[in-house]
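A.B. asks: here's a sequence, model it:
(2 chains)
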Protein chains: 2
Amino acid sequence: MSIIVLGTVATDTLKTPFGLRKDILGGSSVHFSMSARLFTPVNIVAAIGDDFPPRYIDFIKSKKIVLDALTVQKGKSFHWEGEYQGDLNTAITKKTELGVLLDFKPAITPSQRNIKYVFLANIDPHIQGEFLDQMYAPKLVAMDTMNFWINTQRPALLKMLKRVDIFVANDQEAKGLTGESNLVKAAKQLSVFGPKMVLIKKGEHGVLFYSSKFILSLPAYPAERVIDPTGAGDTFAGGFMGYLARSGRLDALSIKRALAYGTVAASFNIEDFGLVRTAKLRLKDLDARFKKFKKLVCL
Amino acid sequence: MSIIVLGTVATDTLKTPFGLRKDILGGSSVHFSMSARLFTPVNIVAAIGDDFPPRYIDFIKSKKIVLDALTVQKGKSFHWEGEYQGDLNTAITKKTELGVLLDFKPAITPSQRNIKYVFLANIDPHIQGEFLDQMYAPKLVAMDTMNFWINTQRPALLKMLKRVDIFVANDQEAKGLTGESNLVKAAKQLSVFGPKMVLIKKGEHGVLFYSSKFILSLPAYPAERVIDPTGAGDTFAGGFMGYLARSGRLDALSIKRALAYGTVAASFNIEDFGLVRTAKLRLKDLDARFKKFKKLVCL
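C.D. replies: Sure, this is the predicted structure:
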């Protein structure tokens, strides 16, 4: 089953203790696609400006990612500048240029409206809503966000939560949205806001999954080589949704394995800057590390 | 196989968002014993002052914990006062009264010298050394510590690290001792200091285990009801050592299961103040939650 992902296609300027990279290809929908493509065809819904480097578009196409719903608008492309220090757990945003995202109206093709697996990556919740309005009868809708929208667009965000099956947040966002410091309680509270399932990403500490039927918890894959964590959350989501879309199931074991594939995909992403590692990734690499991960956690 | 544990027998005054408890029974060796006793006979090596409440001694004895090496000295017993706020992840120490610990000389019986499983709970590293000198030929020696000793007794602590098989630390201690912010690297570095195995406790985020042969990682048991985390680390260590002492093995699967039993034991400890929950604990409670935990993590 195909996946459609709404998010950003961007250039990033990143500084980590391991170096500086200027204007490299990034964006939530691109990081998401780089792992999801290993499981199933992926369609990106995004906007870029007329300044966007054509070689980056060629690169995305070379990965067999469908760009039929990529809008090119007059103006500047979305650009993010960030820095990581110390343990690389927290990004310090230096600059965010929204550019063409300010008046982005998602437009998809008629056949894309039938896609069953939908991921709303981090973007203005109003845009998430306008896009979701265009989908016919999705089987599974998952949604990500970030603190910026929690703080500036809370009502629109809460409205969106009623329309999705899975809400994906990191630990700080989950605490910020609920005022709950205990993550199990925070996940439960988020579920009351609407989504049947809540997935809390804890970075190097792994992931917590909550539904009224079961709770799951997995550690991260132990990583010694953390070069650049940018896009790790989206790469995780891509592996997670990709596995679910291919399996077509939503039982506890399938979700647990999807979480593990997301975890493993993210563990590759952080090993190098931007998309350097995930662009080379093959499903057999994921499978091999999944097997190691299984051995690591199974009792 | 029996276990011998060196540590504190104390009174604690604790404040958490759920209430205040004054002068309740605590101490590292007591919390450790409360879970280890479920697997095997446990011997405590500790000192108390002549002010120590006799009812607490009777309580420990009622749990079949051997107190042959409990020294009663003239003076005040060890007393700790702490507070937890917000997410209860960090203890704020309000008062530490070392009392009789200042001139504590561990003294064990001749038969105790033959015990094969040794746990050195958090106490002055010089005392840990003096006690370990008295043991004949232990099969497994594990050691805990805390930031206080890292900062004030670093040379003695590093000397001890060369004498133990497993070093148990929390994430902050591991980072503090090595200057490494990546926990896998920190564990590796600690192993270079001496111990073949390093176990890093991450509180609500679970546990990381490092040896040159394998790395293990487990999440914590998802807990919604966290009332008082005091002694969670020692309860974890008690479950871990108890399982190993009873199984008699040290292969990867046995260690992983020992980590899981420690995790599960700690998840009971935090559900109520002090020893309230763990004092009532039976092995079948641990087994039942171990099964749930297994289902939670296994892929």
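A.B. asks: chain B contacts on chain A?
C.D. replies: Residues of chain A lying close to chain B (C-beta under 8 Å from any C-beta of the partner chain) are A:86-88, A:181-185, A:188, A:202, A:204-206, A:208, A:215-224, A:226, A:253, A:256-257, A:260, A:290, A:293-294, A:296-299. To be clear about C-beta, it is placed using only N, CA and C from the backbone, and glycine gets the same treatment.
A.B. asks: which of those residues are buried?
C.D. replies: A:87-88, A:181-185, A:188, A:202, A:204-206, A:208, A:215-223, A:226, A:256-257, A:260, A:290, A:293, A:296-297, A:299 (16 or more other C-beta atoms under 10 Å in any protein chain shown).
A.B. asks: which stretches of chain A have low pLDDT?
C.D. replies: Scanning chain A for pLDDT under 70 picks out no residues.
A.B. asks: in which helix or strand would I find the spatially most central residue of it?
C.D. replies: Among the residues of chain A, the one closest to the centroid is A:Asp234, at 2.5 Å (C-alpha atoms, centre = their mean). Assigned by DSSP states H and E, A:Asp234 belongs to helix A:232-247.
A.B. asks: tell me how far that helix lies from the chain's centre.
C.D. replies: From the chain centre to the centre of helix A:232-247 is a distance of 8 Å (C-alpha atoms, centre = their mean, to the nearest Å).
A.B. asks: following it, which helix or strand comes up?
C.D. replies: helix A:252-269.
A.B. asks: quick check, distance from that following helix to the centre of its chain.
C.D. replies: Relative to its chain's centre, helix A:252-269 lies at 13 Å (C-alpha atoms, centre = their mean).
A.B. asks: can you map out the strands along the stretch 101-250 of chain A?
C.D. replies: Along the stretch 101-250 of chain A, the stretches classed as strands by DSSP state E, counting those that start in this stretch are A:117-120, A:140-144, A:166-170, A:197-201, A:207-211, A:215-218.
A.B. asks: given the first one, what are its sheet partners and their directions?
C.D. replies: Partners of strand A:117-120 in the sheet, by DSSP bridges, are strand A:3-6 (parallel), strand A:140-144 (parallel).
A.B. asks: contacts for it next, please.
C.D. replies: In this structure, residues lying in contact with strand A:117-120 by C-beta atoms under 8 Å, 6 or more residues apart in numbering or on different chains are A:1-7, A:32, A:36, A:40, A:128, A:131-132, A:135, A:138-144, A:160, A:164, A:237-238, A:241, A:244-245.
A.B. asks: mind checking how far the closest residue to A:Arg246 other than its chain neighbours is from chain B?
C.D. replies: Using C-beta to C-beta, 6 or more residues apart in numbering or on different chains and skipping the chain neighbours, the partner closest in space to A:Arg246 is A:Phe39 (4.4 Å). Plainly put, A:Phe39 is 17 Å away from chain B if you go by C-beta to the nearest C-beta, to the nearest Å.
A.B. asks: quick check: buried residues in stretch A:60-71?
C.D. replies: Here stretch A:60-71 shows A:60, A:65-66, A:69-70 as buried, counting by 16+ other C-beta under 10 Å.
A.B. asks: show me what whatever helix or strand A:Asp23 lives in is packed against.
C.D. replies: Element membership for A:Asp23 (DSSP H and E) is strand A:19-26. When contacts are defined as 3 or more C-beta pairs under 8 Å, 6 or more residues apart in numbering or on different chains; DSSP states H and E, strand A:19-26 packs onto strand A:10-16, helix A:54-62.
A.B. asks: rerun that using 10 Å as the cut-off
C.D. replies: strand A:10-16, helix A:54-62, strand A:79-84 (3 or more C-beta pairs under 10 Å, 6 or more residues apart in numbering or on different chains; DSSP states H and E).
A.B. asks: may I see those organised as a markdown table, with distance to B:Glu97 added?
C.D. replies: Formatted as a markdown table, those follow (distance: least, C-beta to C-beta, whole Å):
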| stretch | distance to B:Glu97 |
| --- | --- |
| strand A:10-16 | 45 |
| helix A:54-62 | 64 |
| strand A:79-84 | 42 |
